[in-house]
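**Student:** Next come a sequence and a model predicted from it.
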Amino acid sequence: MADPMQSRQRVLFLCTGNSCRSQMAEGLLRAHHGDRYDVVSAGTRPVAVNPWAIRVMADGGYDISGQRSQSLDEFHGEGIDVVVSVCDAASGLCPDFPGSTRLRWSVPDPADARGSDEQILARFRSVREDLRQRIEAAFGATA
């Protein structure tokens, strides 16, 4: 019997900290197209998943609370079909994954949002929506 994981393309979302943008993108693509893609995310300098990212994703119906920040080093030598850099800094540090397609998205970092809780949430929601639209354009409608 064929391994269903082998028929799915592997997508890596990459940013510096692997705390917000790449985590949100991973959760969005997995929720909408997890049957078609094996989705992971990583950072060039990973830190813990941002609690605001977890909260705003939950508000949108996406559970990323079980995701963890991972180092890009964990994926060296692995087969990656599509690498999506969601920040400019990480894009320049990403090694080549032979045979992979490279997408470069310059998405604002919500981690530096300041102000009231509502202002911070609004910034994270804006990034979530930006990522959802980019994922829809690149990988297909998200319904």
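**Tutor:** On my side now, so go ahead. Residues are numbered from 1 along each chain as shown.
**Student:** Please, where are all the strands along the protein?
**Tutor:** With strands called from DSSP state E, the chain shows them at 9-15, 37-43, 82-85, 101-104.
**Student:** who wins for proximity to residue 72 among these?
**Tutor:** Residue 72 lies closest, by C-beta to C-beta, to one member of the strands of the chain: strand 37-43, at 4.5 Å. Placement of C-beta: from N, CA and C, glycine included.
**Student:** for the chain, what helix or strand is lowest in average pLDDT?
**Tutor:** helix 4-7 (a mean of 57; mean pLDDT, DSSP states H and E).
**Student:** what residues does the longest helix anywhere in the chain touch?
**Tutor:** Longest helix in the chain by number of residues (criterion: DSSP state H): helix 117-139. Under the criterion C-beta atoms under 8 Å, 6 or more residues apart in numbering, residues 11, 20-21, 24-25, 28-29, 32-33, 36-37, 52-53, 55-57, 59-60, 84, 86, 103, 105, 107-108, 110, 113-114, 142 lie in contact with helix 117-139.
**Student:** what would the strands of the chain look like in CSV with mean pLDDT, distance to residue 69 and mean neighbour count?
**Tutor:** Shown next, in CSV, are these (pLDDT from 0 to 100; distance: least, C-beta to C-beta, whole Å; neighbours: other C-beta atoms under 10 Å):
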stretch, mean pLDDT, distance to residue 69, mean neighbour count
strand 9-15, 94, 10, 25
strand 37-43, 95, 6, 23
strand 82-85, 93, 16, 24
strand 101-104, 91, 21, 15
